[in-house]
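Undergrad: coords please:
(chains A and B)
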Amino acid sequence: MLVLSGIAIIVIGFALGINPLLVVTLAAFASAMAAGHGPVEVIGMIGKAFVDGRFLAVAWLALPTIGLLERAGLRDHARALVRRLRGATTGRVLLGYLALRQLTASLGLTSLGGHVQMVRPIVAPMAEGAAERDGEAPDEDTRELIRANAAAVDNIGLFFGEDVFIAIGSILLIRAVLEQNGITVAPLHVAIWAIPTAISAFLIHGARLLLLDRRLRKRAA
Amino acid sequence: MIGLDAIGAVAGLLPAAVAIHHAMHRTTPGWWRSASFWALFAASLIAGPWLPDVANGVIVLAMVALATAGLRPAPVPTTSDAERAASAGRLGSRLFLPALCIPVVTLAGTLLIPDGRIAGHALIDPKQVTLVSLAAGAIVALGFAIRLTRAPRAAPAAEARRLTDAIGWTMILPQMLAALGGIFAVANVGKWIAAGVTSVMPLDTPAVAAVAYCLGMALFTIVMGNAFAAFPIMTAGIGLPFIIHQFGGDPAPVAALGMLSGFCGTLMTPMAANFNIVPVAALELRDKHGVIRVQIPTALALLAVNIAILTFLVLPGTHR
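TA: Alright, predicted model coming up:
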């Protein structure tokens, strides 16, 4: 039961707004020590697991390129491009990106996207540009809302697109877990059952994006 | 063969360059905080596989201490609004090309060299082809961006530092959470949660079992930050014994809907730092949970959709 203390620390720590790195470290110590591991052993466990996860750092290699392009006006250009488009609204721009992200992910092209490579330099400025077109720039809170929505679209498009592709990690994991229990499933059979949820995701989130347009219009008025 | 160690070493070049930039431009007395933090991260990525586990752990704890105390980076000068507007007018949509170069090279590498063999030679670890392609794409894109924008020699490192400082210590959070997930697994946290869910809900009808499985997947993913960690445990605890064996659910759709319910959980948790906290830093939002707040209504609606599909489409025909 004490091994659950790590979860309690996470919940309390995040709720109090304590630095997440510190919270996660304390939670790791609490759960591992409750499971009978000594402090030095836990430091070693954290070190090994951190190094094992170093592949996660590869995505940051895009930063110098994105920085240089921003320096040369990429975000300004993306914003201006959308401002010139007739009929472009924040919701429609994001709806288009949702469709693109879901479709490409469902073909296994999950690397076409991402917050650092696509949302920050291109999608978010376009969504902001669409809100700027009727004259003045939106206020800080509104821009923040638009950016948060741009990030959310990237996540939702990815999650509910990729599972339709038969060779994606989640389907391989499903196969492996069922296989361990003596059940063999065809990847295609699993992938087909991801389609109803994928369509629902597009309809539900798409409707919310169009409602976002209404909300932005009210704010601007 | 190019594998995880080489990829880590290349990834380590970024924080190494940022650390050197901080050490060479000491505009504030606190310059050493950022310089040491990024130097430690670089050391972990480059030398980590050869260091003892405890040494790696000490590096991590030192980074956590620096981050908790605050990195306080000094701002780096970049171009002005007017300079950017002029440059955007000159370069136009060509500015998109280097950014698109990264996914294009990643895809091309993944599709063209799936087994890691180039001209018959096993050059790349087949399991790491996508990551190697991603790193290669980033390098090609950087060269392209330098030529296209005719950037001064100092600009790539300065710009890398500007964005790295903006994202800050959030950059190591995904790896920390992955480490925590591993420790939770060793400490058997999952078994306790599965036992908790099954003891609270009487799983005697297909509908209740469907709710317990989907809700359990979402809740457990919220705690672990990762649907992949939740899936084996919830499936062994509820999916297999109750939904598949007792109520005769078809395994493929049951598992698919369980996983998708986990993804709904991922949308609602700060523990999924990669998806929900990193963009807050990358887009410089003030509200730490701004992205999660936007995602919660969609996540809850889709969770209800998954439960409905499992109950009405997957279970009824099979158990009667």
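
Undergrad: Every contact and neighbour count from this point should use C-alpha atoms.
TA: Noted.

Undergrad: Chain A: helices as residue ranges?
TA: Along chain A, counting by DSSP state H, helices occupy A:5-16, A:20-34, A:39-52, A:63-71, A:74-84, A:90-106, A:124-132, A:140-162, A:169-180, A:187-192, A:195-220.

Undergrad: I figured residue B:296 hits residue B:267, correct?
TA: Yes: assessed by Cα atoms under 8 Å, residue B:296 is found in contact with residue B:267 at 6.8 Å.

Undergrad: Looking at these two, which one has more neighbours?
TA: residue B:267 (30 against 18; other Cα atoms under 10 Å in any protein chain shown).

Undergrad: tell me the contacts of that one?
TA: A:155, A:156, B:275, B:276, B:292, B:295, B:296, B:299 (Cα atoms under 8 Å, 6 or more residues apart in numbering or on different chains).

Undergrad: Same question for residue A:72.
TA: By Cα under 8 Å, 6+ apart, the neighbours of residue A:72 are B:79, B:83, B:84, B:87, B:88, B:95, B:149.

Undergrad: how does it look with 10 Å?
TA: Counting by Cα atoms under 10 Å, 6 or more residues apart in numbering or on different chains, residue A:72 makes contact with A:66, B:78-80, B:83-92, B:95, B:145, B:148-151.

Undergrad: ok, so of the contacts of residue B:267, who is nearest residue B:217?
TA: Closest approach to residue B:217 among the contacts of residue B:267 (Cα to Cα): residue B:299, at 12.7 Å.

Undergrad: Report the spatially closest residue to that closest one, excluding sequence-adjacent ones.
TA: Counting by Cα to Cα, 6 or more residues apart in numbering or on different chains, the nearest residue to residue B:299 once its immediate chain neighbours are dropped is residue B:264, at 4.7 Å.

Undergrad: In this structure that neighbour contacts residue B:292, no?
TA: No: the pair residue B:264 / residue B:292 is not scored as a contact, 11.1 Å apart, by Cα atoms under 10 Å.

Undergrad: which residues does the residue of the stretch 51-200 of chain B found nearest chain A contact?
TA: Here the stretch 51-200 of chain B gets closest to chain A at one residue, residue B:57, 3.5 Å apart by Cα to the nearest Cα. By Cα under 10 Å, 6+ apart, the contact list for residue B:57 reads A:40-51, B:44, B:48, B:51, B:63.

Undergrad: Of these, grab the buried ones for PyMOL.
TA: Listed next is the PyMOL selection for buried residues among the contacts of residue B:57, using 16 or more other Cα atoms under 10 Å in any protein chain shown:
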select buried, (chain A and resi 41+42+43+44+45+46+47+48+49+50+51) or (chain B and resi 44+48+63)
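
Undergrad: Please identify the helix or strand for the residue nearest to residue B:299.
TA: Residue B:264 is located in helix B:251-266, with elements delineated by DSSP states H and E.

Undergrad: quick one on the thing from earlier: of all the contacts of residue B:267, which comes closest to residue B:202?
TA: Residue B:202 has its nearest neighbour among the contacts of residue B:267 in residue B:299, at 25.2 Å by Cα to Cα.

Undergrad: Report the contact partners of the closest one.
TA: A:156, A:201, A:204-205, B:218, B:261-268, B:292, B:305.
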